[in-house]
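Engineer: Here's my sequence, what's the structure:
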Amino acid sequence: MRRKLLAAAFLPVGAVLLSTSALFAQGGIPLGGNPFQGWNDKTIMMFSPHPDDDIIGCGGALAFLGGRGNRLIVVYLTNGEKGTFDPSMKSVSLARIRRQEAAAAYRTLGFADAQLIWLGYHDGELDFASARELRVRLTHLIRRRRPDVVFSLDPGLTYYRYHYRDHRTTALAVADAIGAAMWPLLFPAQGISAFRVPDVFYFYTAEPNLKLDISSVYERKLQALAQHRSQFPPANQHYSAQGPLPSRSDLEALIMPLTGGTTTELFRHR
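Structural biologist: Below you'll find the predicted structure:
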């Protein structure tokens, strides 16, 4: 679904990302550093609208976190079951394929034991879901898992961040849930106490305060994204169980418009 809709989103996304260099030039924004290399024994919670946004937006950051006792919980808000141009594909089949691809991507990235949680909303229809239900579910997940850090899409800090459909809804709902989780009288549930998330890193951002150099792990990120074979040619045109992995150029053609670069990742740290 995303590859159809991105064509409409590329122009505004690209225009906003082009302003990133101007933001950096203003000063006061820490461009370098890698806060993730020193993390051990952390509980990391990732919220992603579709299987593969997580890898595109912060696969490099996650690659730095693997293998040091860090525990990863990934919450996919949709099944990603519409993302194909193949007219013979069925939604139920693609949902199954994308679950397998997501697990393979995390094995490749170094998180074979990542816990993947699927909320089951329909691809391309997240904005039609009950806003209250979604926020309650997300708030309770955060309170139960009590993560040391959350990764999610950036809703914007000083202005509304442009996103399309599922991205827009995910960005706003997760940010709202992070805020709600710390207030004990908001969405209370028996046996779940309020919780304040210590660190949040928003990706797909136009207001970055962290520019992460992922050159040393970039090939691992590409290999992980390549596991989402159903989203790239030729599999997105005619899927077969056996087939070639996506080309490097096709992988980078999807990364570039969403992140503004290849060997760097931008975050707004809160």
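Engineer: Any stretches of this structure with poor pLDDT?
Structural biologist: For the chain, applying pLDDT under 70 flags the ranges 1-31.
Engineer: who are the neighbours in contact with the residue nearest to the spatial centre of it?
Structural biologist: Centroid-nearest residue in the chain, with Cα atoms, centre = their mean: residue 54, separated by 2.8 Å. Residue 54 makes contact with 46, 48, 62, 74, 151 under the criterion Cβ atoms under 8 Å, 6 or more residues apart in numbering. Placement of C-beta: from N, CA and C, glycine included.
Engineer: and those, which two are the farthest apart?
Structural biologist: 48 and 62 (11.2 Å; Cβ to Cβ).
Engineer: What's the separation between the residue in the chain sticking out farthest from the centre and residue 252?
Structural biologist: Centroid-distance maximum for the chain: residue 190 at 29.8 Å, with Cα atoms, centre = their mean. Here the criterion is Cβ to Cβ, to the nearest Å. By it, residue 190 lies 48 Å from residue 252.
Engineer: pull the longest helix from the protein.
Structural biologist: helix 91-109 (DSSP state H).
Engineer: From the contact counts, what lies against it?
Structural biologist: Secondary-structure packing of helix 91-109 (3 or more Cβ pairs under 8 Å, 6 or more residues apart in numbering; DSSP states H and E): helix 53-65, strand 71-78, strand 115-121, helix 218-226.
Engineer: Which neighbouring elements make contact with the following helix or strand past the last one?
Structural biologist: Scanning forward in sequence from helix 218-226 by DSSP states H and E, the next helix or strand is helix 248-259. Contacts defined by 3+ Cβ pairs under 8 Å, 6+ apart place helix 248-259 against helix 2-18, helix 53-65, helix 218-226.
Engineer: hang on, the earlier thing: right, so of the helices and strands packed on helix 91-109, which gets closest to residue 147?
Structural biologist: Comparing the helices and strands packed on helix 91-109 by Cβ to Cβ, strand 71-78 comes nearest, at 7.0 Å.
Engineer: Residue 184 falls within a helix, correct?
Structural biologist: No. Counting by DSSP: H, G, I helix; E, B strand; the rest coil, residue 184 is not part of a helix but coil.
Engineer: That one touches residue 195, doesn't it?
Structural biologist: No. Residue 184 is not in contact with residue 195 according to Cβ atoms under 8 Å; the separation is 9.6 Å.
Engineer: Those two: who's more crowded?
Structural biologist: Using other Cβ atoms under 10 Å, the more surrounded residue of residue 184 and residue 195 is residue 195, with 17 against 12.
Engineer: So that one: helix, strand or coil?
Structural biologist: Quick answer, by three-state DSSP: residue 195 is coil.
Engineer: show me the contacts for it.
Structural biologist: Per Cβ under 8 Å, 6+ apart, neighbours of residue 195: 142, 143, 146, 181, 182.
Engineer: so how many other residues sit close to the closest residue to the last one other than its chain neighbours?
Structural biologist: Pointing back at residue 182 there. What sits nearest to residue 182 in space, not counting adjacent residues and going by Cβ to Cβ, 6 or more residues apart in numbering, is residue 196, at 4.1 Å. For residue 196, the count of nearby residues is 11 (other Cβ under 10 Å).
Engineer: Check the gap between residue 196 and residue 136 for me.
Structural biologist: 18 Å.
Engineer: same check, this time on residue 147
Structural biologist: Applying Cβ to Cβ to residue 147 and residue 136 gives a distance of 18 Å.
Engineer: Thanks again, I'm all set now.
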